[in-house]
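A.B. asks: no FASTA, just this:
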C-alpha cells in the first residue's frame, strides 16, 4: 500500500487539535496544580506542580477551537478529495481531551518512577498525548490504521522540532522530554 501526500495531510489534519492542546499548556500553564499539591499513597506527587488547571483548560480550549475552525474552514476541502470522514467540534474536543489526559497519565507514571518534571522518558514523551487522542476519538470517529501509523511515525520528529524551537525561543527550558 502506497502512502500518498493526501494520506499524510489527512493524518496531520486529524491529529492537529491534539498537537495544539499538547503545546498550549507550555505557554499558558502555571499557578494552581491539578493535583492541588497532594501526594499519592506512595508519598510522591500525584502529577506534580507543572500540571496546572490553567494549562489543562487552556489546552482543552485551544484544541477544541482548532477542531471547530477545522470544521468551519476545511471540511469542504476534504470532501472534494472524497475523504470519508466526519469532523466536528465534538471530535476536536475529544481529541484534545484525550491528548491532555494521555499527558497526565504519563506524568503520573513519571512521578511513580521518581522522574522529576521535565525529565525525559523517551518514546512516552512523544506519544503519550497521541495515544490519548486516539483512544478518546474512538467513540466519535476512529482513525484508520493508516492514519494511526502515519501519525506514530511523524510525531516524534515533530515533537522534537517543536520542543527545540520552544527551547530556542525560551518558552521551554529543555528541548528533551517534558
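C.D. replies: Noted; the coordinates are in hand. Here the structure is a predicted model, which means the values were calculated and not measured.
A.B. asks: Can you list the buried residues in the lowest-mean-pLDDT helix or strand in the chain?
C.D. replies: Counting by mean pLDDT, DSSP states H and E, the weakest-scoring helix or strand in the chain turns out to be helix 53-80, with a mean of 85. Applying a neighbour-count criterion of 16 or more other Cβ atoms under 10 Å, one finds 55-60, 62-68, 70-71, 78 buried in helix 53-80. Every C-beta, even on glycine, is put in place using the N, C-alpha and C of the backbone.
A.B. asks: Ok, stretch 144-151 next?
C.D. replies: Buried, per 16+ other Cβ under 10 Å, within stretch 144-151: 147, 148, 150, 151.
A.B. asks: How far away from the center of its chain is the least confident helix or strand of the chain?
C.D. replies: Put simply, helix 53-80 sits 13 Å off its chain's centre (Cα atoms, centre = their mean, to the nearest Å).
A.B. asks: and whichever helix or strand comes after it, what does it pack onto?
C.D. replies: Later in the chain than helix 53-80, the nearest helix or strand by DSSP states H and E is helix 89-112. With contacts taken as 3 or more Cβ pairs under 8 Å, 6 or more residues apart in numbering; DSSP states H and E, helix 89-112 sits against helix 5-28, helix 53-80, helix 124-137.
A.B. asks: which one of these lies closest to residue 37?
C.D. replies: helix 53-80 (12.2 Å; Cβ to Cβ).
A.B. asks: I'm done for today, thanks for sticking with me.
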